[in-house]
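Q: Here's my sequence, what's the structure:
(4 chains)
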Protein chains: 4
Amino acid sequence: MLTIGVDIGGTKIAAGVVDPAGQILDKVKYPTPSDDPAALAEVVAKAVDELRARRGAVEAVGVGVAGFVDEDRATVQVAVNLGLREEPLRDRVRERVGLPVVIENDANAAAWAEARFGAGRGSDHIVCVTLGTGIGGGLVIGGTLHRGRYGVAAEIGHYRMVPNGRRCACGNHGCWEQYASGRALVAEGQDRARTDPRAAERMLKLADGVVEQVQGHVITQAALEGDPAALECFAAVGEWAGLGLADLAAILDPECFVLGGGVSDAGAIILEPVRASFARHVPGRPNRRLADVRLAELGGEAGIVGAGDLARH
Amino acid sequence: MLTIGVDIGGTKIAAGVVDPAGQILDKVKYPTPSDDPAALAEVVAKAVDELRARRGAVEAVGVGVAGFVDEDRATVQVAVNLGLREEPLRDRVRERVGLPVVIENDANAAAWAEARFGAGRGSDHIVCVTLGTGIGGGLVIGGTLHRGRYGVAAEIGHYRMVPNGRRCACGNHGCWEQYASGRALVAEGQDRARTDPRAAERMLKLADGVVEQVQGHVITQAALEGDPAALECFAAVGEWAGLGLADLAAILDPECFVLGGGVSDAGAIILEPVRASFARHVPGRPNRRLADVRLAELGGEAGIVGAGDLARH
Amino acid sequence: MLTIGVDIGGTKIAAGVVDPAGQILDKVKYPTPSDDPAALAEVVAKAVDELRARRGAVEAVGVGVAGFVDEDRATVQVAVNLGLREEPLRDRVRERVGLPVVIENDANAAAWAEARFGAGRGSDHIVCVTLGTGIGGGLVIGGTLHRGRYGVAAEIGHYRMVPNGRRCACGNHGCWEQYASGRALVAEGQDRARTDPRAAERMLKLADGVVEQVQGHVITQAALEGDPAALECFAAVGEWAGLGLADLAAILDPECFVLGGGVSDAGAIILEPVRASFARHVPGRPNRRLADVRLAELGGEAGIVGAGDLARH
Amino acid sequence: MLTIGVDIGGTKIAAGVVDPAGQILDKVKYPTPSDDPAALAEVVAKAVDELRARRGAVEAVGVGVAGFVDEDRATVQVAVNLGLREEPLRDRVRERVGLPVVIENDANAAAWAEARFGAGRGSDHIVCVTLGTGIGGGLVIGGTLHRGRYGVAAEIGHYRMVPNGRRCACGNHGCWEQYASGRALVAEGQDRARTDPRAAERMLKLADGVVEQVQGHVITQAALEGDPAALECFAAVGEWAGLGLADLAAILDPECFVLGGGVSDAGAIILEPVRASFARHVPGRPNRRLADVRLAELGGEAGIVGAGDLARH
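A: Numbers count the residues shown, from 1 in each chain, chains lettered A, B, ... in the order given. Modelled structure (predicted):
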């Protein structure tokens, strides 16, 4: 049977019809209405209606959203970027579409997609790490998505990497995502552009000479061209990312790590330093088998696929 | 049906008949033979024989051992303190006793006992933290003991708390157990005794004036008497312990933490600073429900109970 | 003979006639003209004229300014808050007033005043630490103000306290002033108000319930009333401040530290935790004599007195 | 006039006749008597006698010793390696030789020699950093050796680099010398040899396959041959060393740093990473002039030359 997966992002809502093999058969997109929970549910319903009109019967709807989702997969407790708080999104959508609905954390949904149909397929113990603006995560343990007791497991971007470290928007200091995310990569690049413009010449050129325009795509392009300063930025971020994987391996002993998110678009340029750092820092060497570190395979559609598939189970 | 649980420690081997309610019906103890794997299996078998002679039929045998156990629960990959390496302990014991046998990591076995019959009963998501000489751990996730892909999950004492921090015997720097274990408590106490003997007067008195004799029981006794310097030692260790729980909550979102091991014998004196530090440092506050932090209930027998119960399932 | 000391701040310019005993005999104030170096020199000259008109002959003029001053005490290399860059302030003022003029870093000037006439008098080796919004410093070594080879010594607020620590406006991470300044105190207070409003009740009350209004004077007042949460904020900042003094003592072995700046207005409430932390962390204990830690005595006038006195020598 | 400089080391006592140009005209050596202060003074006197017999009249004697020397340059407060405590070494030697005698900290003596006749000549503001087994230091400020108020300035190896960092023999944690000394270099090398023997193949070969024999000379030789693993060891140590120089520059603003000690025998292999790290981390860039970082020039004789020259002034 088919299901519909919905991925609610800060700027757009993407929905797709997902088959049992994880294929998206059809897809629609709408802009995200801002700060209006009722309108949000309405747009989700409209997307579902449209897809059903085009593709016929579906069994259930899964909705991925960036925020804390409660353990019943019904209520969005907090979604800062969408302005949601204690929002009964499941019931709102269910009333409107008349189908079973589940709400999922978006990083969990994407992780599930990678585990079932992407880089993690065949493994029962998987840690997905999304190196986006911040760091998101999803844990598959014993073949099951691990949501935690209260629905908020896998907030791995906010475990503490450095005591008394860099301030994080979450209120704590030293969170992992301050060191190993896309934002951290940009901070590295801009820092070099500011304090050593000669070494950062290529990045600055690609940024029209403006330090603030040294963004992720600029650093990635320069690195792909072989620019040493840009490669150093990835090496620094990869070192911190690998340190985090080492900690997660000490705690969880997974079979593989799947790296996704914008930073992972750089491919081997980020994968190699992450692997090297992980191997050097993981405790228990050489008496343990090392988890594999792989790039995600499903790209931006993982959220739709995962939400759709989780609605089925 | 009854099973037998065996707890192989560095100095003694304790075995007991365990009933389905987690009660130990009978118990024997032998000294641990040193550096002789064959003798070790023989002593385990002798203990099993004796208990069967006294108590009649048992279904299976579970053996807890401090070391890396492979995912088949058959081979001890490394157990430094027992001098074992790639030791096929399950088959050795099974041949001798003619019963189903499973080998378990001892901290996992103890965690399982607390989860089923102790401080964690009723919860499906539990993190057990053993504050002994070092730090051991056990994870119960979705009601199941989480061993990891290769059997070495929950080595939580060796996740990195401080980059470039204190050197650990494992070869890494900054491992959690360098800050929040019994050894860390002793380091705190001796440090105070050495650099500020006046403030540490009570601890030194209990240690016959010898800094090196400021050991865990001395610090605990002084703290129970209300000695400020000893209480500061527990506060420092509790602060670091709580920081670790905050990280584990960010990753796993458990329902409760169970604190065991020698340090936890101090009761509220360690529990309160751990709870306060945990509450202050956990990310996601105040938008998340806090996991409960509790003291273990089964004491030193948790290993026997857990090993016995795991053999049953 | 008399001199004139001038203290150029971000909002006002204060000038005074200083006698050889460090007394201010007369004083004037003007608002600081913004982003106009010529106007700035003009206002300084006007203040000098006015004081000479009232008090008669003076020997020389010393001008303190918050910024990097070159080793000739002639040029302000950078003064971010005043919008100055490679500004020949000495010559501008000298042309206008026809007297010998020296430019000094303002923290150096204040340190010199404390060394000669304030808390440091009688000592030849003094480290002044100004716990203001950030941290400024001044070193008196062998009875002489130590300006360094290029005029920028004693930038003690920017030595690194925590590798990979909190980001600083200077571009580095982990600078001391991110942990032990007035800004750090406010961050502590607001953090508590945000994550534990019950404990921070008194501070919030004094701040009309608005987290952002938990500023230095609010925390200080609550602490003076004995509020535990506010005292904890000072204890945290004092701990970091003492760690810094310990490092400076390892390097410089001064006879005393003089603590000034707005944070020091709290008196014993900040002095005691700083002293305790310093004593516990300084290397070489118990084989070394501890430097004394004292509060500054001259308050906000130290800058005028120091600039005036340095013009004399 | 000539003087005699004496360098008391843990295994030998070296003395030399020093002329006003810093040349050693004649030299003698004796083994260091162990744990016998009287014998120690006697050997120093014997060395002085012998040199006077051979070279004629000398003006004064300067004695360098590894330990805390009081501000009167008379008493060795503590010299752990020599078993001295509150030892009136100046008077003991003076009585025996009938000449003016001064006692100096050995690192201070060596720093003075470099400042006057070695890599620092011509500069008035110099920080000497001795990267030996630990880290020693000497400060020349305003053309004068800075001993501090109580004679124990420039204990730069024990300023705190990492809060809660590696334990140091001094009792503190995170001292600079735990990261940037010869001992730290050896720890890096042995760590690699242990956890990644393939990458450390060349170092292990030079160490006859024994991890414990991967000592400083082995790592240096491999690095000079271009071995990547050995070069990484120097890069890691150089990174930490440069971080320390950045802090010292923030505090002292010297004209140059002089790097001596066994680690500096590797020349450019250590100098380049130190310089790069220093330039990247020093606060105030690009608005400040960078201190020069140079290798020491006088090698092992700096102690004799400096002690001799300091006796003259």
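Q: The residue most central in space within chain A pairs with what?
A: Nearest to the geometric centre of chain A sits residue A:130, at 3.6 Å (Cα atoms, centre = their mean). Counting by DSSP bridges, residue A:130 is bridged to residue A:136, residue A:260.
Q: And for residue A:62?
A: residue A:5, residue A:102.
Q: Count residues in the vicinity of it, would you?
A: 29 (other Cβ atoms under 10 Å in any protein chain shown). Yep, even glycine has a C-beta here, placed from its N, CA and C like the rest.
Q: do residue A:168 as well
A: 18.
Q: cool, residue A:217 as well?
A: Residue A:217 has 12 neighbours, counted by other Cβ under 10 Å.
Q: The residue nearest to the centre of chain A contacts residue A:155, doesn't it?
A: No - if you go by Cβ atoms under 8 Å, residue A:130 and residue A:155 don't touch, sitting 11.8 Å apart.
Q: Spit out the residues that contact the two alike.
A: residue A:137 (Cβ atoms under 8 Å, 6 or more residues apart in numbering or on different chains).
Q: What residues does the stretch 101-250 of chain A have near chain C?
A: Within the stretch 101-250 of chain A, the residues that sit near chain C (Cβ under 8 Å from any Cβ of the partner chain) are A:162-167, A:171, A:173-174, A:179, A:187, A:191, A:194-195.
Q: Cross-check the residues you listed against chain B and keep the overlap.
A: A:162, A:163, A:171.
Q: Can you tell me which of these end up in helices?
A: Assignment to helices by DSSP state H places none of these there.
Q: Nearest to chain D among these?
A: residue A:163 (6.8 Å; Cβ to the nearest Cβ).
Q: who touches the closest one in this structure?
A: A:173, A:174, B:161, B:162, B:243, C:162, D:163, D:164 are the contacts of residue A:163 under Cβ under 8 Å, 6+ apart.
Q: Nearest to residue B:136 among those residues?
A: The closest of those to residue B:136 turns out to be residue B:161 (Cβ to Cβ; 15.6 Å).
Q: Residue A:139 versus that closest one, what's the distance?
A: For residue B:161, the distance to residue A:139 equals 21 Å [Cβ to Cβ, to the nearest Å].
Q: which residues touch the residue of the stretch 1-150 of chain A found nearest chain D?
A: Proximity to chain D, evaluated over the stretch 1-150 of chain A using Cβ to the nearest Cβ, is greatest for residue A:127 at 22.5 Å. By Cβ under 8 Å, 6+ apart, the contact set of residue A:127 is A:137-140, A:156, A:245, A:248, A:252, A:254, A:256-258, A:291.
Q: Residue A:27 touches residue A:303, doesn't it?
A: No - with contacts counted by Cβ under 8 Å, residue A:27 stays clear of residue A:303, the gap being 11.8 Å.
Q: shared neighbours, the two?
A: By Cβ under 8 Å, 6+ apart, the residues touching both residue A:27 and residue A:303 are residue A:14.
Q: Looking at these two, which is more packed in?
A: Neighbours per residue, other Cβ under 10 Å: of residue A:27 and residue A:303, the larger number sits with residue A:303, 31 against 15.
Q: Please identify the helix or strand for the more buried one.
A: Per DSSP states H and E, residue A:303 falls inside helix A:302-312.
Q: Quick one: mean pLDDT for that helix?
A: Averaging pLDDT along helix A:302-312 gives 96.
Q: if we look at the helix or strand containing residue A:116, which residues are touching it?
A: Using DSSP H and E, residue A:116 maps to helix A:106-117. Residues outside helix A:106-117 that contact it (Cβ under 8 Å, 6+ apart) are A:5, A:7-9, A:21-22, A:62, A:64-66, A:104, A:120-121, A:123, A:126, A:128, A:130, A:136-140, A:145, A:147, A:154, A:258, A:260, A:296-298, A:301-307, A:309-310.
Q: Residue A:196 touches residue D:280, doesn't it?
A: Yes - the pair residue A:196 and residue D:280 passes the contact test of Cβ under 8 Å, sitting 7.3 Å apart.
Q: Quick check on these two: which one has the bigger neighbour count.
A: Neighbours per residue (other Cβ under 10 Å) separate residue A:196 from residue D:280, with residue D:280 holding more: 18 against 15.
Q: any idea of the pLDDT on that one?
A: At residue D:280, pLDDT is 90.
Q: residues of the one helix or strand it maps to that come out buried?
A: Using DSSP H and E, residue D:280 sits in helix D:268-281. Using 16 or more other Cβ atoms under 10 Å in any protein chain shown as the test for burial, helix D:268-281 gives D:269, D:270, D:271, D:273, D:274, D:275, D:277, D:278, D:279, D:280, D:281.
Q: Check stretch A:285-300 too.
A: Of the residues in stretch A:285-300, A:285, A:288, A:289, A:291, A:292, A:293, A:294, A:295, A:296, A:298 count as buried by neighbour count, 16+ other Cβ under 10 Å.
Q: got a list of contacts for it?
A: Here stretch A:285-300 makes contact (Cβ under 8 Å, 6+ apart) with A:110, A:113-114, A:117-120, A:127-128, A:130, A:245, A:249, A:253-261, A:264, A:267, A:271, A:274-275, A:278-279, A:282, A:302, A:305, B:68, B:77-78, B:149-150, B:152, B:171, D:195.
Q: any chance you could map the strands in chain A?
A: A:3-8, A:12-18, A:24-31, A:61-65, A:68-69, A:76-79, A:84-87, A:101-105, A:126-131, A:135-141, A:144-145, A:256-260, A:292-295 (DSSP state E).
Q: Enumerate the residues of chain A near chain D.
A: Counting by Cβ under 8 Å from any Cβ, chain A sits next to chain D at A:163, A:164, A:195, A:196, A:280, A:285, A:286.
Q: mind putting these in CSV, distance to residue B:100 included?
A: Below are the residues of chain A next to chain D laid out as CSV (distance: Cβ to Cβ, whole Å):
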residue, distance to residue B:100
A:163, 46
A:164, 51
A:195, 65
A:196, 65
A:280, 40
A:285, 33
A:286, 32
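Q: and the two most separated of those?
A: Among the residues of chain A next to chain D, A:195 and A:286 lie farthest apart (Cβ to Cβ), at 39.2 Å.
Q: quick one: contacts for residue A:191?
A: residue C:171.
Q: Please tell me how far it sits from residue A:197.
A: 11 Å.
Q: next one: residue A:168
A: Applying Cβ to Cβ, the value for residue A:168 to residue A:197 is 29 Å.
Q: Same question for residue A:109.
A: 42 Å.
Q: Looking at those two, which is more packed in?
A: Using other Cβ under 10 Å as the criterion, residue A:109 and residue A:197 rank with residue A:109 on top: 30 against 14.
Q: about what we covered before: out of the contacts of residue A:163, flag the one nearest to residue B:99.
A: residue B:161 (41.9 Å).
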